[in-house]
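# Here you go, sequence then predicted model.
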Amino acid sequence: MTFGDLTYEAFAFGFFTILTLGGALGVVANRNLVRGAVWLIVSLFGVAGYFVLLSAPFLAAVQVLVYIGAIGILFTFAVMLTRSMTNLNERYNQQWWIAAVTSIALFGMLVLLVILPVFGEQETAVSDVVATTADLGVALVSGDAYVLPFEVASLLLTAAMIGAIVIAREEE
Amino acid sequence: MVPLWMFLTAAAGLFAIGAYGVLSRRNAVAILMSVELMLNAVNINLVAFWRFQTPMDMSGQAFAAFVFVVAAAEAAVGLAIIISVYRGRRSVTVDDVDLLRW
Amino acid sequence: MDRTIGTLIKIAVPIVIGVVVILILNSITSASCLNDFEGCLVDGGMDTDLAGLIAISLGVVLVATFPLLVTILLIWIERKFAARIQDRIGPNRVGPIGLVQPLADVVKLLGKEDITPAGADKWLYNASPVMMVMSVLLIWAVMPLTPYHYGIDLEIGILYFIAVASIGTLAVIMAGWSSNNKYALLGAFRVVAQLISYEVPLALALLVPVMLAGSMSMVGIVEAQAGMWFLFSAPIAAFLFFISSQAETGRAPFDLLEAESELVAGYNIEYSGMKFAMFFAGEFMHVFTNGVLMAVIFTGGWYGPFAREAPLLAFTYLMLKSGFWYLLSLLMRNALPRVRIDQLMTFNWKFLVPLSIANLLMTAFLLKLVQEGGLAPSPEEASDFIANIPQTVVLFLGNVALAAFVMTLIRNQGREERLAEDAGEPSDLTVTPAPAGD
Amino acid sequence: MDVNFNDLDFLPWLIPVGPLLAFLIITLLTNRSQLVPATDSHEYGGHHPDYDGMMVPVVTPWSRVASIVVGMAGASAAFLISWTVFFRTVGIDQFGKDDKVYGSALDWMATGVTHFRMGVLVDPLTTVLLFMVPLAVMCIFIYSIGYMAHDPRQARFFSLISLFAGAMLTLVVADNLLLLFVGWEVMGVCSYMLIGFWYEKESAYNAAIKAFTVTRVADVIMLLGIAYLYFMTGTLSFREILYNPDVLDMLANTDAIIFGGFGFSAAGLIGILLITGTIGKSAQFPFHVWLPDAMEGPTPVSAMIHAAAMVSAGVYAIIRMYPLFEAGGHPHEGDLTSPLMLMTIVGGFTALFAATIAVAQRDVKRVLAYSTISQLGFMMAALGIGAYIAAFFHLITHAFFKALLFMAAGSVIHAMEHGEHHVHEHHHGHDHDHDHAPETPAIGDEAGAHPPAEETAALDDPGQHPGKHDEPHFDPQDMFNMGGLKDRIPVTWLTFLAGGLSLAGFPLITAGFWSKDEILADAWYILSDYGSGAHGYVFFMLAIAAFLTAFYTSRQLCLTFLGEPRTEEAAHAGLGGSRDIISITMQLPLVILAFFAIFAGFVGVPPEFPIFGAILSPDVNPFFEFTKYSLLVEIQPAKPPFNWIPVLTSFGVALGGLWLGYVMYGRKPLKAGEEDPLKKMMSPAIYTTLENKYYIDELYQLVFVKPSQWFSRVVVSEFVDRGVIDGFLHLVARAFTFTGDLLKVFNLWLIDGVGDGIPQGLGRFGLWFRRVQTGRIQQYLLYAAIAAVLIGVIFVVSTGLLQAAG
């Protein structure tokens, strides 16, 4: 489906890019941290959109669920619990300009090293047939594939949960 | 279809912005948020390469799923630490937390 | 005798007329554009792309508008229902039997002053009611309304539902924070704690029908119930889902977020006029959406006699089933007292969550057993009622056994607590009301 | 892999399981102790110096018994399975040739497109070790029952030593380098914990840290080698690399990533890295320093480290990887590759170097420690010149007689402590409150009433023994305090004699003779046929070392056992009643090992050897024949023809050394307080140097330890002033005991010039440099990011990616 040269997908991609990068800039530049958390959510929502474009609906849904439903809330909570800092006079430390230069250099390096080699190639995927969510599910629990990392991940989550509780609870 | 390099460029941009946030923000929560951005940039790359090059192999998606796990764990523990530090020092400015120097 | 016949005729005539009307409508529409709008446009000579765009846009508008319109009716139904329970008449002035009352309310709300409190974060303050409504509306995108009409058949429909519903939590906390009001923020905290907690049993309960259907797609789940409703093979999951979705809407008996007697009005205290109305519209819609979800996931969705032949009939079935669940939740709201925050959390973490985990494990185990034992219906006869019976019986018995086990545990626990109380130790779990008379 | 206990492919998996399980059970279940005040504790005799006035954990009685039982059960299981495997494989014709081996592997880790496999392998090399290691382990375990009978941390000991044994067995049955490395590292940890077992003693924990650090340095280098090997070949499986001539050729013909331009192949680099690791583990120069100090641990641990496990592991690893080291060269024709050259030089030098040190030691265990280093040098040198079967043979025989010697030495010390106890009881007993403590009548108990915490001379601080005795602390390990023990502990004497003769290579009837002779024969054969200088070097170095070995063995035997007791303690030495359980558990292993120390050599007698060859190996050398299929056929050394020169050399050095030792120490036994006659013979300077082990420890202390201490503590000027200048002063002072009066001038110059300049300069540098350390994570991160960008830039520039893309 095209309207002139602009495909729906390209349009969607542009929209999600604006969300993602705009949201990211919002996170980095915002003075107000609750706003920052909202920007983060916007940005991550854009990333979820990318996943949809890349035919990974499961990841998109998990992205929304985990980031927006859980991590976003968590950040908002943290910001509110440590409220006195929501309006800092100085957003950035002294090294912000070196950091800016470094980040731009990092971006340039990524473009140079990762993107230039594939530029112009891979206009389309090698196949339109894509593994389904069911395949992912099988792979995650299959003994030939990722069952061990999967279990380790669950262990990690348990440990993180317990650790977070222990660290954050008030001393009695 | 949107070509691969566009996804990669967007991810690189997201990564660089996140890196800038990590390197320059003074607030620990903001730093953690920026770290989340960087992790997501990685995820975009993983999924993009998966889609374009090995769409029948589950490694890309599986790794992205594990990144979710790591991100969730990181956020939980990181924020817990921040809250704990805040309780002790009434501040979440990372410049103030420099007991490790010298 | 005459009265009986008269009553029967009174009941039967509208039904017959309704069925006839539906069938006539269906015969007109099914032949034409209702079932295949896009094809219809293309046949009419339209450009394919444009037809697709129009079809999609129209679908979006329809799917999004329908719940909003239904809400207006729902408000009336709810008020009438509550009134009956409280031995009142309910709205009866505006329009016939008060049917137009909600519209009047809307007009009233629109006329109210739209306040933004000083010091509020304007941007978020205005965005959160929208998000609240959005989080419910988005659910409808995957709802199979008839065999042929649904927004989209996502492979991961259930997950999509859970993900989208979690946006509502965000709306609440944003509303609470941006109002720059202590009560609003406290209310928001409580709500978020409640919503996040009840998402756990909700998600775990939903895994059971996913397992039974072998699919996360809503359409797939409905199709899988062709032979047998999941309500019968997974009653505990249905119970869990019903309870926790009720809690997710934040209505009585879980209405801590707007416990007027404790918290002024909860997170939305600063809102007025239409924005306040949007929160409420979102809530009403959410309740009804939960009814529809119960219908779709546990009671066969649009399935019914001749459903495939007559999509409108299928839609009617869906609405009837949803209506049943909706009324049940209204009954719950009006008949049960509000729980305390600690009871709320205890109920969730010490009862619902363990039960949902046990239920999940048990179902997985029994299902595997059934499949290995050859009792499961083969794919060809999956829609055959008889073929489904053995599997359903096994699963149902398993559920009954689990329920009995849990009830025994609770009874023993209760007995111990009573004994402890008699011995003078205060219980920390539940507070039993003081004995009334003896 | 199927679980089938009759299946030799499966059985090796079970070998390490027993001890590892024992470790877990003891650690988690049976290690139960309670805190009691040390003075109330019967276990310490109420007066143990190291624990005075402290609350000490004492294992509960059932825990002691349970731990012993569990530990023994684990070791026995490993022993039985190992020997089952041994006896079922030993008879197989041409075992090990081509694919005639047993083992199985599991997918362990997905690494990209390949899977990393972990598994077990039984080939002739493994089989032989499966005979030796479990046997030695068993003996050590039995011995430990008696030796550790009264230690308060018995359970801990058995759990650690079980883990140690399990790790060694894992290493033995591993089929790939990584699993071998895992066992290797676990042993490193165990040795650390066991050497520091009596961690109340400063010397013990220092020794533990030393052993750990030194071997760690070597291990890191070894890990680099493993990583590089994996990078080059994509596998770490022994058989995939070493039985694959293509891979070996590839490695030999690829330039290494560093120094590649000098004809230095990847195989050479990998070899050198791996060998460095084994040099650390096998305590070769310059990494030998940890081994003598390792005697701070309980004696069974010393036996374990010196004989059965750690140091053998190093040599074993080299033999395993031998084709890799050899790739690209022909050692049997005098053409050595750089790793082999390294081994040759280091091994030959260490053999002689350590032997000279051993000559002048007074401590009975220290002599043995240096002799271990020396003997490992023998093996290294033999490996370097290609005689890997001879080296392997020597590894086995050495394990037997060295384990024996250590345990015998342990029982000597035990006996001496018993004598010491007796003496003190006699003199001072009535003044001490331990008389009021309940004393058990069993003599064995008394012997053990001192946990051998005072074993080493390193703790010679009388101040640490308040109220115990006033005279200078008696050292039960000093050989000059012994003498005449022959009649007091006859079983120990006989077994010690057997082990000592074997170590000395007493001709024809001891195992040590045959293995040493084979090394010399191999060296001589290539030397005479190809005129290879390396082989000549090895031959002469080893011959001299063998002579010294015989000499110090003879010295040790004479000083310890012959003559008259030189102290009262020695006169009352004894192990307790002969039917006492402790005495039995300490003597039984000695007897078993003595048997093998004598007779184990007879499996490797060359058939051409007159008389013995005809009787013991009429057709072929059985050991040689069995093990030769461990590696590729092309690599096997040619069988050296019989030649009288090396045989006579062996005879000559062994008998000559023994005779010289006897002449100096045995014929006219030393009187109490008499000087070492060696001191009179040599100039005192040389003797002192030898006695102080060439000051290597002091040198290391100065070169490595102290500098790292400055860098860790950055309280600069004061520290530098004290540490560095005094360090320099001490160095200079020591150096001047040899060289004379130059000291004062040098010293003055140092203080005036460098002394003020260096510390101040360092101080300023430190003050300036510490600003890098701001404690701000973001700043560190920024450095990392900048570094990443720079690396990227370098990568772009170096690969010409820009041009390619542009």
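Arrived safely, thanks for sending. Numbering: from 1, shown residues only, chains lettered A, B, ... in the order given.
# Please pull out the lowest mean pLDDT helix or strand from the chain.
No chain specified, so I'll use chain A. strand A:2-3 (a mean of 46; mean pLDDT, DSSP states H and E).
# hm, I was asking about chain D
helix D:443-448 (a mean of 39).
# Quick one: mean pLDDT over stretch C:166-179.
In this model, stretch C:166-179 has a mean pLDDT of 86.
# That one near chain A at all?
Yes - counting by CB under 8 Å from any CB of the partner chain, chain A has neighbours in stretch C:166-179: C:Ser166, C:Ile167, C:Thr169, C:Leu170, C:Ile173, C:Met174, C:Trp177, C:Ser178. (Each C-beta comes from the backbone N, C-alpha and C, glycine too.)
# Could I get the contacting residues of the residue nearest to D:Ala534 when sequence neighbours are not counted?
The shortest distance from D:Ala534 to any non-neighbouring residue, by CB to CB, 6 or more residues apart in numbering or on different chains, is to D:Thr344 (5.0 Å). The contact partners of D:Thr344, taken as CB atoms under 8 Å, 6 or more residues apart in numbering or on different chains, are D:Leu336, D:Met380, D:Ala381, D:Gly384, D:Ile385, D:Ala534, D:Tyr537, D:Val538.
# ok, now how distant is C:Phe189 from C:Lys275?
21 Å (CB to CB, to the nearest Å).
# ugh, wrong one, I meant A:Val64
Distance from A:Val64 to C:Lys275, by CB to CB: 24 Å.
# Those two - which one has more neighbours?
Each of A:Val64 and C:Lys275 has its neighbours counted (other CB atoms under 10 Å in any protein chain shown); A:Val64 has more, 26 against 22.
# For stretch D:83-95, measure first residue to last.
Stretch D:83-95 has its terminal residues 16 Å apart, counting by CA to CA, to the nearest Å.
# Nearest residue to the closest residue to chain D within chain A in space, please, no chain neighbours.
Here chain A gets closest to chain D at one residue, A:Met109, 4.0 Å apart by CB to the nearest CB. Nearest residue to A:Met109 in three dimensions, chain neighbours excluded: D:Gly792, at 4.0 Å (CB to CB, 6+ apart).
# name the element the one you found belongs to?
helix D:777-799 (DSSP states H and E).
# what helices or strands is that helix leaning on?
Counting contacts by 3 or more CB pairs under 8 Å, 6 or more residues apart in numbering or on different chains; DSSP states H and E, helix D:777-799 packs against helix A:96-110, helix B:4-24.
# Going along the chain from the shortest one, find the next helix or strand for me.
Read in the C-terminal direction, the helix or strand following helix A:96-110 is helix A:133-141, with elements assigned using DSSP H and E.
# Are that next one and chain B in contact anywhere?
Yes - against chain B, helix A:133-141 shows contacts by CB under 8 Å from any CB at A:Asp135, A:Leu136, A:Ala139, A:Leu140.
# Give me the buried subset of those residues.
By neighbour count, with 16 or more other CB atoms under 10 Å in any protein chain shown, these hold A:Leu136, A:Ala139, A:Leu140 as buried.
# what's the following helix or strand after the worst-scoring helix or strand of chain C on mean pLDDT?
Using mean pLDDT, DSSP H and E, helix C:260-263 stands out as the lowest-scoring helix or strand of chain C, at a mean of 62. Once the chain leaves helix C:260-263, the next helix or strand it forms, by DSSP H and E, is helix C:273-298.
# could I get the helices and strands packed on helix D:777-799 as CSV with mean neighbour count and mean pLDDT?
Compiled in CSV, the helices and strands packed on helix D:777-799 are given as follows (neighbours: other CB atoms under 10 Å in any protein chain shown; pLDDT from 0 to 100):
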stretch, mean neighbour count, mean pLDDT
helix A:96-110, 18, 88
helix B:4-24, 24, 91
